[in-house]
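In: Below is the sequence, then the predicted model.
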Amino acid sequence: MFPRLLVLLLAASLLVAVVARPSGGAGKPGVYVVKPTDTLWSIATKRYAGDPREGIWKLQRRNHLSGTILVPGQKLVLP
């Protein structure tokens, strides 16, 4: 009985290992082109739910921004 159960569990785990694939995350990151009136706060408010400060932090880290100054036409990668 025990050997059959062991073989069945090994076969099931092998099947899961073959069928399961990495998802690749949430897809490709989007690119946002900054408009003349945009601020990090306004972009974070539109793009991220919840506290905009967390969205600002994500934008700054993803785009390697040291401050909050944006230039119209600048491309930001949206995390």
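Out: Perfect, thanks for sending it. Just so it is clear, the structure is predicted and the values come from calculations on it, not from any experiment.

In: tell me which element residue 41 is part of?
Out: helix 40-47 (DSSP states H and E).

In: Beyond that helix, next helix or strand please.
Out: Moving toward the C-terminus from helix 40-47, the next helix or strand (DSSP H and E) is helix 52-63.

In: now for that next one, which elements pack on it?
Out: Using 3 or more CB pairs under 8 Å, 6 or more residues apart in numbering; DSSP states H and E as the contact test, the elements touching helix 52-63 are helix 40-47, strand 75-78. C-beta coordinates here come from the backbone N, C-alpha and C atoms, glycine included.

In: Could you check the angle that helix makes with helix 40-47?
Out: On the basis of axes from the mean of the first three to the mean of the last three CA atoms, to 10 degrees, helix 52-63 is oriented at 100 degrees to helix 40-47.

In: about what we covered before: mind checking the helices and strands packed on helix 52-63 for the one nearest to residue 66?
Out: helix 40-47 (12.2 Å; CB to CB).

In: Where does pLDDT dip in this protein?
Out: 21-27 (pLDDT under 70).

In: Recalculate using a threshold of 90.
Out: Within the chain, the ranges that satisfy pLDDT under 90 run 1-30, 48-50, 68, 79.

In: List the buried residues in the longest helix along it.
Out: Criterion DSSP state H: the longest helix present in the chain is helix 2-19. Using 16 or more other CB atoms under 10 Å as the test for burial, helix 2-19 gives no buried residues.

In: which is the next helix or strand following it?
Out: Assigned by DSSP H and E, the successor of helix 2-19 is strand 30-33.

In: Strand partners (parallel or antiparallel) of that following strand?
Out: strand 75-78 (antiparallel) (DSSP bridges).

In: who's in contact with the strand it pairs with?
Out: For strand 75-78, the external contacting residues (CB atoms under 8 Å, 6 or more residues apart in numbering) are 29-34, 43, 47, 59, 62-63, 70.
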